[in-house]
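[1] here's my sequence, what's the structure:
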Amino acid sequence: MWREPDSSDYMLMGFSLENLCKGVLIAQTPELVGPAGKLAKEIRTHDVNHLVERALGPQSEPETLLLTVLTNHARWQGRYPLPLEWSDFRLSGEFLRMKELGIEEFERQVEILDTLYSRLWSEVARSDPGPSGEPAARDSS
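    As a prediction, this is how the structure comes out:
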């Protein structure tokens, strides 16, 4: 049975994308994990926009809007009634704007996420050392 996605759904989508991005970035640059397994400050963030851009480069406007919403939910909107920073509160209107679009827009969001996940997993595959210890060859398709 369908139910409209809520803040906790967006928070979990944000966390999953955040963690996949961090995995890609670490696979590309192992030095991002320091002594005792501590992540470098530059990726110790819930800013999904920053992490995706760092892993894949700049995104389209619809992707950026969705990533902004996921960032807000990962930072605060999926967990707390108000953010600590006013600038984060002003951005919460993006989520309300998306909610007004209804299920059709959510289906589009899922398509955008599927595309981002596929691109990120491709980066993982490229960075994964094969039996020779070298990263896998890039797919030319």
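
[2] which secondary element of this protein has the worst mean pLDDT?
    Lowest on mean pLDDT, DSSP states H and E among the helices and strands of the chain sits helix 93-99, with a mean of 60.

[3] after that helix comes which helix or strand?
    For helix 93-99, the following helix or strand on the C-terminal side (DSSP states H and E) is helix 102-127.

[4] mean confidence for that following helix?
    Averaging pLDDT along helix 102-127 gives 82.

[5] what is the orientation angle of the helix or strand where residue 49 lies with helix 102-127?
    If you go by DSSP H and E, residue 49 is part of helix 48-56. If you take axes from the mean of the first three to the mean of the last three C-alpha atoms, to 10 degrees, helix 48-56 sits at 40 degrees to helix 102-127.

[6] what is helix 48-56 packed up against?
    Contact partners of helix 48-56 among helices and strands, from 3 or more C-beta pairs under 8 Å, 6 or more residues apart in numbering; DSSP states H and E: helix 7-28, helix 61-72, helix 102-127. Where C-beta positions appear, they are placed from N, C-alpha and C, glycine not excepted.

[7] run the angle between the shortest one and helix 48-56 for me.
    Yep, that's helix 61-72 we're talking about. Angle of helix 61-72 versus helix 48-56, following the same axes, to 10 degrees, is 120 degrees.
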